[in-house]
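A.B. asks: pasting a predicted model and its sequence here:
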Amino acid sequence: MKVSREQATKNRAHVVETAGAEFRKHGFDGIGVADLMRAAGLTHGGFYNSFASKDALAAEAVGRVFAETTERLRRHALAAADPYAAMVRFYLSPQHRDAVESGCAIAALSQEAARGSSELRTAFEAGIAAYLELIVELGGVSRSEAMGIYATMVGALSLARTVLDPALSTAILVAAADNLLARKNPQAAPLRS
């Protein structure tokens, strides 16, 4: 049965959205095209009508993920009295740590992306640049300082997701947040006493 152009556009957008979550959950190599399409509730056969390759889908999905997560972080931070502190606490929270499929693509996929296609790496580079701009905006810091802040946040989140001990995982998040907040405001009290 032929699908209308409008429905094909909706299906494509749904596949991109689904792929963003599935790639973060399973990794790029941990899920195949057939399983991605199944997760989207569509047949495998329609994939190549919409995408040139799995790499093309991955790059598009990552671009969308970065746009969504950056905007979500911006809205959350700007709603707080101290946007920088809100950003740091949100990013380095147990909730973000536990929500791999809806969280930061860098923390979930950067190691795989480093070995990915140039198309995929270009999408990651654009996403990283957007996060850095957000940190500059919210923190009132230089781009160089934003790089250090982002590297600390991503590293801490990655480590916290890696360890099995829940206490150690949370301690990593708290230590990184305390350090980043103290660096910005030396008089700030640590997150834990």
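C.D. replies: On my side now, so go ahead. Numbering: from 1, shown residues only.

A.B. asks: buried set for the longest helix belonging to the chain?
C.D. replies: In the chain, with assignment by DSSP state H, the single longest helix is helix 54-78. Along helix 54-78, these residues count as buried under the neighbour rule (16 or more other C-beta atoms under 10 Å): 54, 57-66, 69-70, 73-74, 77. Yep, even glycine has a C-beta here, placed from its N, CA and C like the rest.

A.B. asks: again, but for stretch 27-46
C.D. replies: Those would be Phe28, Ile31, Val33, Leu36, Met37, Ala39, Ala40, Leu42, Gly46, for stretch 27-46 by 16+ other C-beta under 10 Å.

A.B. asks: quick one: low-confidence ranges for this protein?
C.D. replies: 1-2, 185-193 (pLDDT under 70).

A.B. asks: can you pull out the helices in it?
C.D. replies: 5-26, 33-39, 47-50, 54-78, 83-91, 94-98, 105-113, 118-139, 143-162, 166-184.

A.B. asks: just say which of those is most tucked in.
C.D. replies: Most buried of those by mean neighbour count (mean count of other C-beta atoms under 10 Å) is helix 83-91; its value is a mean of 21.

A.B. asks: what is it packed up against?
C.D. replies: helix 54-78, helix 118-139, helix 143-162, helix 166-184 (3 or more C-beta pairs under 8 Å, 6 or more residues apart in numbering; DSSP states H and E).

A.B. asks: could these be laid out in CSV, adding distance to Arg12?
C.D. replies: Shown next, in CSV, are those (distance: least, C-beta to C-beta, whole Å):
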stretch, distance to Arg12
helix 54-78, 9
helix 118-139, 17
helix 143-162, 30
helix 166-184, 36
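
A.B. asks: out of the ones you listed, which gets nearest to Ala13?
C.D. replies: helix 54-78 (8.8 Å; C-beta to C-beta).

A.B. asks: what angle sits between that closest one and helix 83-91?
C.D. replies: 130 degrees (axes from the mean of the first three to the mean of the last three C-alpha atoms, to 10 degrees).
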